[in-house]
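Colleague: What follows is a predicted protein model with its sequence.
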Amino acid sequence: MLRFIVLVTLLVSSVCALQREMDNDVLTEKELEEIYAEFLAKTGHKLPGMCWACKWAMGKIKKHVSVTTNQGDIRKMLNKVCDDIGFLKFLCKGIVSRFLGTLIEEISTTDDPATICSNIGVC
């Protein structure tokens, strides 16, 4: 019984140590945005997937926007839409945080997602 307790304790502490190590390797959104800005400055190219991520997010939001939707509701939708995009989440959040004011205005118009993303310079 004592061996079992010691073994479980070692196993749990190993898992905790591994998790702590993995958490230290995760980049924050600000660090990702800085890396992206540096990438743009060096290459002049946009990251692959950025246009698609923008069109996807704007399409999701435009489906829920009506004449009665106010700017506060649009802001809430913009802050939540990126949670469902998967591995391009950091690109989506970068687009939303960088162009939040412009996106709120653009979504309020009749423009389609491709036009919105083109107007902000993502596509």
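Modeller: Yep, it's here. All values derive from a computational prediction rather than experimental measurement.
Colleague: In contact with the closest residue to V96 other than its chain neighbours, which residues are there?
Modeller: Leaving aside its chain neighbours, V96 sits nearest to L78 (5.0 Å; criterion: Cβ to Cβ, 6 or more residues apart in numbering). C-betas here are computed from N, CA, C, even on glycine. Residues in contact with L78 (Cβ atoms under 8 Å, 6 or more residues apart in numbering) are 57, 61, 96, 100, 103-104, 107.
Colleague: do the same with N79
Modeller: By Cβ under 8 Å, 6+ apart, the contact list for N79 reads V96.
Colleague: Please apply the same query to the one 4 residues further on.
Modeller: By Cβ under 8 Å, 6+ apart, the contact set of D83 is K89.
Colleague: so C123 sits right up against T115, yeah?
Modeller: No - C123 is beyond contact range of T115, at 9.2 Å (criterion: Cβ atoms under 8 Å).
Colleague: where's the dip in pLDDT among the contacts of L78?
Modeller: The lowest pLDDT within those belongs to V96, which sits at 84.
Colleague: what's the burial count for it?
Modeller: Counted with other Cβ atoms under 10 Å, the neighbours of V96 add up to 21.
Colleague: so how far is C92 from the closest residue in space to Q71 that isn't next to it in sequence?
Modeller: Excluding the flanking residues, the one nearest Q71 by Cβ to Cβ, 6+ apart is I104, at 5.2 Å. As for I104, its distance to C92 is 16 Å (criterion: Cβ to Cβ, to the nearest Å).
Colleague: Between the two, which has more neighbouring residues?
Modeller: C92 (23 against 17).
Colleague: Excluding chain neighbours, what is closest to the more buried one?
Modeller: Per Cβ to Cβ, 6+ apart, closest to C92 is C82, 3.7 Å.
Colleague: show me what contacts that neighbour?
Modeller: 57, 89, 92-93, 96.
Colleague: ditto for F99
Modeller: Counted by Cβ under 8 Å, 6+ apart, F99 has contacts 120, 122.
Colleague: Torsion angles phi and psi at it?
Modeller: Here is the backbone geometry of F99 (degrees, to the nearest 10): phi -120, psi 30.
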